[in-house]
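1. Build the 3D model from these lines:
(chains A and B)
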Amino acid sequence: MSPSVDRLLARLRAVFTKPALDADFDAELAQHLEAATADNIRAGMTPEEARRQARIALGCVEQTRELHREARGLPWLEDSARDVRFATRSLRRSPGFSIATIVILALGIGGVTAMFSTLYTVMIRPLPYPEANRLVLGRATYSGDINPMVAGPDYVDYRDQSHSFSALEAYFVFPMEVTVIADQSAERIRSLVVSAGLFQTLGVNMALGRHFTAEEGRDNGPPVAIVSHDYWQKHFAGETSVVGRSLTIDGSAYDIVGVAPRDFQFIHDVDVWFPLRPQNLGPRRYNNWLILGRLRDGVSLAAAQSDVDVIAAQLEKAYPDTNAHKTLLLTSLLGAFTEPYRSGFDLLCVGTAAILLIACANAAGLLLARGAARHGELAVRAAIGASHWRLVRLLLTEALILAGAGGVLGSILAVWMQRGLLLLMPVEALLLRDVGISRSMLVAAFATTLLTGFGFGLLPAWRARQVNPARDLKSGASGSGRHGVRLRGGLVIGQVAVSFVLLVIAGLLVRSLTALNRVDPGFNPRNLLTAEVPLPPGDYPDPKRTVFFSALLDGVKSLPGVESAAVVSQVPLRDPYNNVGIYAADAPPLKPSDGGDGYQRVVLPGYFKTMGIPLFAGRDIQPTDRADSARVVVISRQLAKSLFADRDPLGQRVVIDQASDATWEVVGVVADVKQSGLREDASSRGTFYRAHAQQPWSSMRLAIRTAGNPQAIVPSLRTLLQRMDPRIPLSGPRTMEDVIANATVSERAQALFLMTFSLLALTLAAAGIYGLLAFGVALRRYDIGIRMALGATGPVIARGILREASRLALAGVVAGGLGALGATQLVRANLYGVGSIDPLTFVAAALVLLVIAALAAWLPARRAAMVDPIIALRAE
Amino acid sequence: MAKDKLDLLQGTLDLLVLQTLASMGPMHGYGLARRIEQVGADTLMLNQGTIYAALVRLQQGKWIDAEWGTSDNNRKAKFYRITARGRHRLESETANWQRMSGVVHRILTAPGGAGSP
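-> Numbering: from 1, shown residues only, chains lettered A, B, ... in the order given. Prediction:
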């Protein structure tokens, strides 16, 4: 090892073996003095003189020791240790201040830590696939708007003509429920059709068995399936013999070729995967697929995008009917996954950063106040020789100790905060791997703590440089308190401003949520139970389905507690799928791609009445609409307007994509219903309803209006279904009110977050105002005493204090108002029914802050009003 | 102490200690101090205490090592001995020092320099 390394190690060792080394050196010095004295005596000195001369020659003994120590150890480290000891002692002497500061900092640090480690876990950390940064998601866009589904034949063209990908895969856009029958009982599980190479392209190793082969991806290939790890554990008890066994799905047998690894879920939570075959792709008109690609080595996303754009342009030329203005947008897979959370996380970032800022300002204010109170102490220290640098270091050490304690407490809080965060912000399972105390969280906590310590400690510490013993010891504590108060005033104004911004955003989100809650969904959601009843299509050929559902409907209606019931293919707000092109038969669009979509629903008679959807004209679907009678359709008002404008829609004929019959007659017009979400507006084209007898789907939903609690009838409903056919499960019974509440879950989460944040911010700001005013009153007792002695009354003094509070609050509100004008832009896209610069919200937030300021000022004002001039003047 | 005595140049004490140990064999701190004072005679001002800081530095760099032993008058004393690494350093530093002092001397005695009459 080099001498410098040896020296460093030796110095480090010396720090820890100090007592032994000191004793050793003392012995050496004693020997030195003894030998020197002996020499001096030999030279003829008296013993006393000899000892004296020995000491003189050595120099000062203490100084020698100090020199020795400095050369030996790490002086700065030992000094720091001394600083830490001293600062700890001094903090322990004022527990109120210390605890308050630590708690304030813990809130800030905890929030930021939870926030950033979640952010990292969800948004930044690579996905758990090998070379995940080369995975891209392909989504179709029409004139730049993300569709996102891609047509099957388009996928094949992209796959075969592009050069940028080592593989291009496709998967169905949403999982399909299938019925698995085992041991005489039926179970609904979710399945997904994926291209045969998807698992391999992702780089996923099977827990058991193998990937799909190319052969299995051909038309009429062998019927095979891959099952999830969960399903394997649950239904095959983890037996390795599962590979090669057969599973009866929707009446057909499938061989299990593989088991996906534990926790593997891609996009959707499903239990079984089937290989995509060309025969499943569908025509170019129907967009049902999403594309996953792995970029070839050395190919950038941009290069791949231009490759794909060229193909899209060729497709547009070749198929103008279906591919006009259509292209494929490539996004990094992680980027695409995290898109939905971006705005929510932006908001959270702003919120937590604001809290940290306020916490820092608050702690700095407390530290400044303490600094002012300790001015005398610091002056004494300076007078007996502490350098300014030393004082700065001491105060900074105090700040860092407080931040450290806050950081430890904050890290503990962060674990809970993160749990709450994820609870309120449901993130897809794929993105949520091992949250909890993680390295990322600890790194975030440490960095935040350090930043915070310097952030709030630097200002007060810097001010310690201005300590001037000559002046300060003479004038007492109040001498330079003035400037401190002004600085703290600035900090308080800052806190009020940030609180105001948070309060305004929270207010806007709450107003928006209220507006959403007030939205009329177009039907009556009270006491409405919904559930899915899937028929095994193989066992129920077309005509038998309507018979079954009619019988089921009659059975349900006769259950106790049921007021009415209906059967529909998709329940509003719960199943927003299935938009299909529809247009007036006498006004076909110039190109099929111009034909707008409507939500397609299939119903049994009685649906509108049960749901409480008013019928505006004509008739609803009747039992007389049979498989062999005239094709009829009931349309919603919005669709009627968009199809026929001012013409009477009754008796008009429409063309429906994917329907086997040429035209359908409009027999009724009903009110509009929010199908996809509460925010759905007039730009949605509306819904059309067909009779189940004329479109006999196998999987339908029940909508049951009950007299009391809808969940109460679930057991009898199950019994009924069991009696009719034990192989048919009742899937996902849920009340409509629950569905609606779920529709605004993220809005509620965001509003709740911001409310919590602003409450926290308000509390801290109030504490800041209170602290500053109380401190000011204590500092100016003498002045107040004089004014009162000169005739000012208590109320006059109190009003002065209140005026000061409102001055601070007003300044903060003005600054915050300016900030809010910009900050509210962040949430503009999330708002519903309220503008981002809503005067009512701004005014209300300002009032809240003024009231809070007045409340915070009340106690100091009262204290000022009760100053007894005689006592105050005598005390000085 | 006399005003015209020289303060030790920074870092030279280490060199003096190494040289003394190299030529005189193992010594204790006081002996070293005395020896350097004697050689330096009246020109060198040595604060004996500073020698101990130098000894610590040299020990930490493993240029010397130390051991408690018995002195001439049968007292326990800490003896310092130069190591192989120390001899190596002494050689290179001595060469450096000689080169440096040669350069300084040449500059100071060059015509027109401050040292020329």
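
2. How about the contacts made by the residue in the stretch 401-550 of chain A positioned nearest to chain B?
-> In the stretch 401-550 of chain A, the residue found nearest to chain B is A:Arg465; the distance is 30.4 Å by CB to the nearest CB. The way it works is simple: take the backbone N, C-alpha and C, and place the C-beta from them, glycine included. Counting by CB atoms under 8 Å, 6 or more residues apart in numbering or on different chains, A:Arg465 makes contact with A:388, A:391-392.

3. again, only this time at 10 Å
-> Listed by CB atoms under 10 Å, 6 or more residues apart in numbering or on different chains, the contact set of A:Arg465 reads A:382, A:387-389, A:391-392, A:395.

4. Just confirm A:Arg188 is within a helix.
-> No - counting by DSSP: H, G, I helix; E, B strand; the rest coil, A:Arg188 is not part of a helix but strand.

5. With A:Tyr231 as the reference, measure out to it.
-> Separation of A:Arg188 from A:Tyr231 (CB to CB, to the nearest Å) stands at 12 Å.

6. any common contacting residues for these two?
-> Shared contacts of A:Arg188 and A:Tyr231, defined by CB under 10 Å, 6+ apart, are found at A:180, A:271.

7. quick one: which of the two has more around it?
-> A:Tyr231 (22 against 19; other CB atoms under 10 Å in any protein chain shown).

8. Leaving out chain neighbours, which residue sits closest to that one?
-> Among residues not flanking A:Tyr231 along the chain, A:Asp271 sits closest, at 4.2 Å (CB to CB, 6 or more residues apart in numbering or on different chains).

9. repeat for A:Gly258
-> A:Gly209 (3.3 Å).

10. Could you verify my assumption that that neighbour touches A:Ile256?
-> Yes - contact criterion CB atoms under 10 Å: A:Gly209 and A:Ile256 qualify, at 7.1 Å.

11. Next up, the contacts around the residue positioned nearest the centre of chain B.
-> Closest residue to the average C-alpha location of chain B: B:Leu16 at 1.4 Å, with CA atoms, centre = their mean. Applying CB under 10 Å, 6+ apart, one finds that B:Leu16 lies in contact with B:8, B:32, B:35-36, B:39-40, B:44, B:46, B:51, B:54.

12. In a markdown table, list the residues you listed along with pLDDT, secondary structure and distance to A:Val61.
-> Shown next, in a markdown table, are the contacts of B:Leu16 (pLDDT from 0 to 100; DSSP: H, G, I helix; E, B strand; the rest coil; distance: CB to CB, whole Å):
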| residue | pLDDT | secondary structure | distance to A:Val61 |
| --- | --- | --- | --- |
| B:Leu8 | 62 | coil | 20 |
| B:Leu32 | 88 | helix | 18 |
| B:Arg35 | 86 | helix | 21 |
| B:Ile36 | 85 | helix | 20 |
| B:Val39 | 81 | helix | 25 |
| B:Gly40 | 75 | helix | 23 |
| B:Leu44 | 71 | strand | 22 |
| B:Leu46 | 74 | coil | 16 |
| B:Ile51 | 85 | helix | 14 |
| B:Ala54 | 87 | helix | 17 |
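
13. Rebuild the residues you listed as a markdown table, extending it with distance to A:Asp157.
-> Converted to a markdown table, these look like this (distance: CB to CB, whole Å):
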| residue | distance to A:Asp157 |
| --- | --- |
| B:Leu8 | 87 |
| B:Leu32 | 91 |
| B:Arg35 | 95 |
| B:Ile36 | 92 |
| B:Val39 | 96 |
| B:Gly40 | 95 |
| B:Leu44 | 94 |
| B:Leu46 | 92 |
| B:Ile51 | 88 |
| B:Ala54 | 83 |
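
14. Which of the residues you listed ranks first by neighbour count?
-> Going by other CB under 10 Å, B:Ile51 tops these with 26 neighbours.

15. What average pLDDT does the strand or helix carrying A:Ala302 get?
-> Secondary-structure assignment from DSSP states H and E places A:Ala302 in helix A:301-318. For helix A:301-318, the mean per-residue pLDDT is 92.

16. Run a quick neighbour tally on A:Leu357.
-> For A:Leu357, using other CB under 10 Å, the count is 18.

17. Could you check the angle the helix or strand containing it makes with helix A:301-318?
-> For A:Leu357, the enclosing helix or strand under DSSP H and E is helix A:333-373. Interaxial angle, helix A:333-373 versus helix A:301-318 (axes from the mean of the first three to the mean of the last three CA atoms, to 10 degrees): 140 degrees.

18. mind listing what A:Phe163 touches?
-> Not Phe; residue A:163 is His. With CB under 10 Å, 6+ apart, A:His163 has these contacts: A:296, A:299, A:303-304, A:307, A:310-311.

19. give me the residue from chain A nearest chain B.
-> A:Thr64 (3.2 Å).

20. Not including adjacent chain positions, what is the nearest residue to that residue?
-> In space, and not counting its chain neighbours, A:Thr64 is closest to B:Gly49: 3.2 Å by CB to CB, 6+ apart.

21. unless I'm mixing things up, that neighbour is touching A:Ala36, no?
-> No - look at B:Gly49 against A:Ala36 with CB under 10 Å: they stay out of range, at 11.6 Å.

22. Overlap of the contact sets of these two?
-> Residues touching both B:Gly49 and A:Ala36 (CB under 10 Å, 6+ apart) are A:55, A:57-58, B:33.

23. out of the residues you listed, which is most surrounded?
-> In terms of neighbours by other CB under 10 Å, the shared contacts of B:Gly49 and A:Ala36 top out with B:Ala33 at 25 neighbours.

24. Relative to chain A, how far out is that residue?
-> To chain A, B:Ala33 is 8 Å away according to CB to the nearest CB, to the nearest Å.

25. Check which helix or strand that residue maps to.
-> Going by DSSP H and E, B:Ala33 is part of helix B:29-40.

26. Dump the C-alpha coordinates for the helix or strand hosting A:Asn288 into PDB.
-> Assigned by DSSP H and E, A:Asn288 belongs to strand A:287-295. Taking C-alpha atoms only, strand A:287-295 is exported to PDB below (Å, rounded to 0.1, in the frame of the first residue of the first chain):
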ATOM      1  CA  ASN A 287     -59.500  -2.900 -34.800                       C
ATOM      2  CA  ASN A 288     -59.000  -5.400 -32.100                       C
ATOM      3  CA  TRP A 289     -55.300  -5.800 -31.600                       C
ATOM      4  CA  LEU A 290     -52.400  -4.200 -29.800                       C
ATOM      5  CA  ILE A 291     -48.900  -4.600 -31.100                       C
ATOM      6  CA  LEU A 292     -45.700  -5.400 -29.200                       C
ATOM      7  CA  GLY A 293     -42.300  -5.200 -30.900                       C
ATOM      8  CA  ARG A 294     -38.800  -5.800 -29.900                       C
ATOM      9  CA  LEU A 295     -36.500  -3.400 -31.700                       C
END
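
27. Report the angle between that strand and helix A:333-373.
-> Going by the same axes, to 10 degrees, strand A:287-295 makes 70 degrees with helix A:333-373.

28. average pLDDT across strand A:287-295?
-> Strand A:287-295 comes out at a mean pLDDT of 89.

29. so what strands line up beside that strand?
-> Partner strands for strand A:287-295, per DSSP bridges, with pairing direction: strand A:135-142 (antiparallel), strand A:150-151 (antiparallel), strand A:165-172 (antiparallel).

30. Buried deepest among those strands, which one?
-> Ranked by mean neighbour count, these are led by strand A:150-151 with a mean of 24 (mean count of other CB atoms under 10 Å in any protein chain shown).
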